[in-house]
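Participant: no sequence for this one, just the structure:
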Ligand code: KG4
């Protein structure tokens, strides 16, 4: 292995086209992002084919920009890391094939990176001294997982959502309230404004189901349905709904589902470091509640800054470094996978 390692990384699993250049794992030399969110907003969610086409259209220019801003040339690249799962197949394939072409042309290793492992690694960039083991909650648009991170590439799922992801639930709630896509940031802002104006977060009683025998599993679909019913009821009765209060009650409920489970899992699995990852980690209520709980329980809390919570390629390059060190390589037959658990054996890749 080189003493200095430059990894060129690519992320195209959903609607963010992203390319980064990473130095020795954690140092970001450049990180370029083209968010397609506006192009999907009018459809109320991500349209897979539009996402794939946009990735194909911008990935070349983003790559040039990433090299320029990192101050390197292609020949300085030691390895290419790419998100290969989970995500939208067509979208993933754009990145995977671009990565293959680059690795082939430069004759450097190709490193497959699991998207969720990337989200965890965003914290290594934000906190240079952070090392496993720790307990990690991943809350994104597609996943809600509580994991035991024993090593950089040794991750075990100990709890998960049985149905919708937390982010999906934010998006759906915002959609029925007519607040657009993605819903998380707008609902968060509404809830914050509500509390700032002296509103309260207990106007609406929303469900937080417990799954018998699985203390770390979660369910968000009942919460989603409850919001849909509240909105429809108000519409039928011609009542004006207090959307800000609903947003505050909603954020509180999601937080009440997440925080106690994570704190209990930290005790059971013997962790005093708690790491939060994924887009929903940007939520102000969830952040504040975790900060309070961690302090009360004497745990150290790590939450990446907002810019590293969402999808980006720097986190993929960072995890790619640790995968590379663990001997993970892909061949030119690397495929993309719509679903894959973060602790699944990557058959044929190792
Ligand atoms: O991690 P991410 O960028 O993409 C996935 O890999 O899924 O997460 C996107 C999700 C969306 O559902 C979005 O609504 C949610 O994160 N999100 C938020 C906030 N910012 C983004 N949810 C709640 N509060 C926020 N401030």
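Facilitator: Great, that's in hand. Since we're looking at a predicted model, the values are computed, not measured.
Participant: from here on, contacts and neighbour counts on C-alpha atoms
Facilitator: OK.
Participant: Just give the nearest non-adjacent residue to residue 90, would you?
Facilitator: residue 52 (5.5 Å; CA to CA, 6 or more residues apart in numbering).
Participant: Return the residues in contact with the one you found.
Facilitator: Contacts for residue 52 (CA atoms under 8 Å, 6 or more residues apart in numbering) come out as 90, 91, 92, 94.
Participant: ok so it is a helix residue?
Facilitator: Yes: assessed with DSSP: H, G, I helix; E, B strand; the rest coil, residue 52 lies in a helix.
Participant: Around the ligand, which positions in the stretch 251-350 of the chain sit nearby?
Facilitator: Proximity of the stretch 251-350 of the chain to the ligand, by CA under 6 Å from any ligand atom, involves residues 278, 279, 280, 282, 283, 310, 311.
Participant: need the contact list for the fourth one.
Facilitator: If you count contacts by CA under 8 Å, 6+ apart, residue 282 has them with 305, 306, 309.
Participant: what's the burial count for the last one?
Facilitator: Per other CA atoms under 10 Å, the neighbour tally for residue 309 reads 25.
Participant: What of the first one?
Facilitator: Using other CA under 10 Å, residue 305 has 14 neighbouring residues.
Participant: All further residue positions should be reported with the first residue as 621.
Facilitator: In the new numbering, first residue 621, that becomes residue 925.
Participant: From the ligand, how far out is the closest residue to it other than its chain neighbours?
Facilitator: Among residues not flanking residue 925 along the chain, residue 746 sits closest, at 7.2 Å (CA to CA, 6+ apart). Separation of residue 746 from the ligand (CA to the nearest ligand atom, to the nearest Å): 16 Å.
Participant: isn't residue 746 right up against residue 926?
Facilitator: No: assessed by CA atoms under 8 Å, residue 746 is found out of contact with residue 926, at 10.4 Å.
Participant: Neighbour count: these two, which is higher?
Facilitator: residue 746 (18 against 13).
Participant: Just say helix, strand or coil for residue 740.
Facilitator: What three-state DSSP gives for residue 740 is helix.
Participant: So it sits against residue 899, correct?
Facilitator: No: contact criterion CA under 8 Å: residue 740 and residue 899 do not qualify, at 11.4 Å.
Participant: I'd like the distance between the residue minimising distance to the centre of the chain and residue 764.
Facilitator: With distances taken as CA atoms, centre = their mean, residue 898 lies nearest the centre of the chain, 2.9 Å away. Distance, residue 898 to residue 764, by CA to CA, to the nearest Å: 9 Å.
Participant: what residues does the stretch 621-770 of the chain put near the ligand?
Facilitator: 760, 761, 762.
Participant: Nearest spatial neighbour of the last one, chain-adjacent residues omitted?
Facilitator: Right, residue 762. Using CA to CA, 6+ apart, the closest residue to residue 762 is residue 785 (5.4 Å).
Participant: Show the contacting residues for that neighbour.
Facilitator: Contacts of residue 785 (CA under 8 Å, 6+ apart): 759, 760, 761, 762, 763, 764, 840.
Participant: Keep only those of those that are in strands.
Facilitator: The strands, defined by DSSP state E, take in 759, 764 from the contacts of residue 785.
Participant: okay but residue 720 is in contact with residue 952, surely?
Facilitator: Yes: the criterion here is CA under 8 Å, and residue 720 meets it with residue 952 at 6.3 Å.
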